[in-house]
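Student: sequence and computational prediction follow.
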Amino acid sequence: ELSQDYWVAIADGTPELKYFSTGMSMAGVEKMYDTSWYKESDKVITIKTQKQLYGLAMLSRKNDFKGQTFLLGNELDMSAYDRWVSIGTEAKPFAGAFNGQDYPIYHMTQKTSTVYAGLFGYTKGATIQNVIVKDSTFESTTSSNAFLGGLVGGGTGKLLNSYSNAAIISTGAGVGGLIG
């Protein structure tokens, strides 16, 4: 058994606490995401806060959300998050539905070497609709195929009635304003 706290990087480079000793104080440390709202049995879930949206991205590392629908319930300013982690990966694609209900998501920032990046990284049979991403920046540091988009990096599914004015920065191939 390990006796010291340590962090490891998961597939996209995001740090994840793997061991935490009970004797260590977490005073002043705020978790940047919230997953307490999620129940796998719920078919329709409303995302109302920045922490919940980031929590959806973190949950997508272990769940494809097939058969579930997420509704955005407020406009969200993501400026407090200087490192966005995409919803869905090539290894665990987002397969649910996401309806932004025309609420804008502002000030997203992502700088990554991960292939398939954007608000959604990789999808498989997903339906993404009524999503607005504004005043955001998505940047790929890979020089090969980046598959970087303002809404979706890559995959399959439907993208309906959605908009992005995000800055897309990459020297790699497979980039686009909406889909990589």
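Tutor: Okay, I see it.
Student: partner residues bridging the spatially closest residue to Y163 that is not a sequence neighbour?
Tutor: Of all residues beyond its chain neighbours, the one nearest Y163 is I132 (5.0 Å), with distances taken as CB to CB, 6 or more residues apart in numbering. Backbone N, C-alpha and C define where each C-beta goes, glycine included. Note on I132: beta-bridge partners P104, Y163, judged by DSSP bridges.
Student: I'd say I132 and N161 touch.
Tutor: No - counting by CB atoms under 8 Å, I132 sits too far from N161 to count as a contact (9.6 Å).
Student: count of neighbours near the closest residue to D42 other than its chain neighbours?
Tutor: Distances taken as CB to CB, 6+ apart put Q68 closest to D42, at 7.0 Å, once the chain neighbours are dropped. Using other CB atoms under 10 Å, Q68 is surrounded by 19 other residues.
Student: and Q68, what does it touch?
Tutor: D42, K43, V44, I45, G96, A97 (CB atoms under 8 Å, 6 or more residues apart in numbering).
Student: check contacts around the last one.
Tutor: Applying CB under 8 Å, 6+ apart, we find A97 in contact with Q68, T69, F70, A126, T127, I128, Q129.
Student: and it, how far is that from F65?
Tutor: 8 Å (CB to CB, to the nearest Å).
Student: could you pull out the helices for the protein?
Tutor: 50-59 (DSSP state H).
Student: could you list the low-pLDDT ranges of it?
Tutor: 1-30 (pLDDT under 70).
Student: would you mind measuring from the residue nearest to D42 to K62?
Tutor: From Q68 to K62 the distance is 14 Å (CB to CB).
Student: ok, now L53?
Tutor: Distance from L53 to K62, counting by CB to CB: 17 Å.
Student: compare those two (neighbour count), which wins?
Tutor: Higher neighbour count among L53 and K62: L53, with 23 against 8, using other CB under 10 Å.
Student: and V152, what is it in contact with?
Tutor: V152 touches G118, L119, F120, G121, T123, I128, L159, L178, I179, G180, counting by CB under 8 Å, 6+ apart.
Student: the third one pairs with what?
Tutor: Here F120 shows beta-bridge partners I87, V152, assigned using DSSP bridges.
Student: give me the neighbour count for it.
Tutor: 28.
Student: these two touch, right, it and I128?
Tutor: Yes - judged on CB under 8 Å, F120 makes contact with I128 at a distance of 6.5 Å.
Student: shared neighbours, the two?
Tutor: F98, L151, V152.
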